[in-house]
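Participant: kindly generate the corresponding structure for this input.
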Amino acid sequence: MHVCGKCSKVCGWVVLALGILFLLQDMGKFAFFGINWYTAILLLVGLVKVGSGCCKGCQTEAKKK
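Facilitator: A predicted model of the protein is given here:
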């Protein structure tokens, strides 16, 4: 999976947000709709795949390698 710098940054922010939400859920401060961590990871991977397929920067990175 090849992603450009912009998509990599966006994915990093999404992972950070998911991590904070799951931390708050573990601390009992926030109910995160009962979603398991592995479901969130699979959704994130799907989001990255769809996003990188539509991003011209990611397609350029994939052609370089």
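Participant: C-alpha only now, for contacts and for neighbours.
Facilitator: Fine.
Participant: against which helices or strands is the helix ranked longest in the chain packed?
Facilitator: For the chain, the helix with the greatest residue count under DSSP state H is helix 5-26. The contact analysis (3 or more C-alpha pairs under 8 Å, 6 or more residues apart in numbering; DSSP states H and E) places helix 5-26 against helix 37-54.
Participant: would you mark the buried spots in the lowest-mean-pLDDT helix or strand in the chain?
Facilitator: Using mean pLDDT, DSSP states H and E, helix 56-64 stands out as the lowest-scoring helix or strand of the chain, at a mean of 78. Neighbour counts using 16 or more other C-alpha atoms under 10 Å place Gly57, Cys58 of helix 56-64 among the buried residues.
Participant: tell me the angle it makes with helix 37-54.
Facilitator: 80 degrees (axes from the mean of the first three to the mean of the last three C-alpha atoms, to 10 degrees).
Participant: so how far is the longest helix of the chain off the chain centroid?
Facilitator: 7 Å (C-alpha atoms, centre = their mean, to the nearest Å).
Participant: need the residues that contact it.
Facilitator: Phe30, Ala31, Phe32, Trp37, Ala40, Leu44, Val48, Gly51, Ser52, Cys58 (C-alpha atoms under 8 Å, 6 or more residues apart in numbering).
Participant: could I have it exported to PDB, CA atoms only?
Facilitator: C-alpha atoms of helix 5-26 as PDB (Å, rounded to 0.1, in the frame of the first residue of the first chain):
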ATOM      1  CA  GLY A   5       2.500  12.400   2.400                       C
ATOM      2  CA  LYS A   6      -0.900  14.100   2.600                       C
ATOM      3  CA  CYS A   7      -2.800  10.900   3.000                       C
ATOM      4  CA  SER A   8      -0.300   9.600   5.500                       C
ATOM      5  CA  LYS A   9      -0.900  12.600   7.700                       C
ATOM      6  CA  VAL A  10      -4.600  12.300   7.500                       C
ATOM      7  CA  CYS A  11      -4.400   8.600   8.400                       C
ATOM      8  CA  GLY A  12      -2.200   9.400  11.300                       C
ATOM      9  CA  TRP A  13      -4.700  11.900  12.600                       C
ATOM     10  CA  VAL A  14      -7.500   9.300  12.200                       C
ATOM     11  CA  VAL A  15      -5.500   6.700  14.100                       C
ATOM     12  CA  LEU A  16      -4.800   9.200  16.900                       C
ATOM     13  CA  ALA A  17      -8.500  10.100  17.200                       C
ATOM     14  CA  LEU A  18      -9.500   6.400  17.300                       C
ATOM     15  CA  GLY A  19      -6.800   5.800  19.900                       C
ATOM     16  CA  ILE A  20      -8.100   8.600  22.100                       C
ATOM     17  CA  LEU A  21     -11.700   7.400  21.700                       C
ATOM     18  CA  PHE A  22     -10.800   3.900  22.700                       C
ATOM     19  CA  LEU A  23      -8.800   5.200  25.700                       C
ATOM     20  CA  LEU A  24     -11.800   7.200  26.800                       C
ATOM     21  CA  GLN A  25     -14.000   4.200  26.500                       C
ATOM     22  CA  ASP A  26     -11.500   2.100  28.600                       C
END
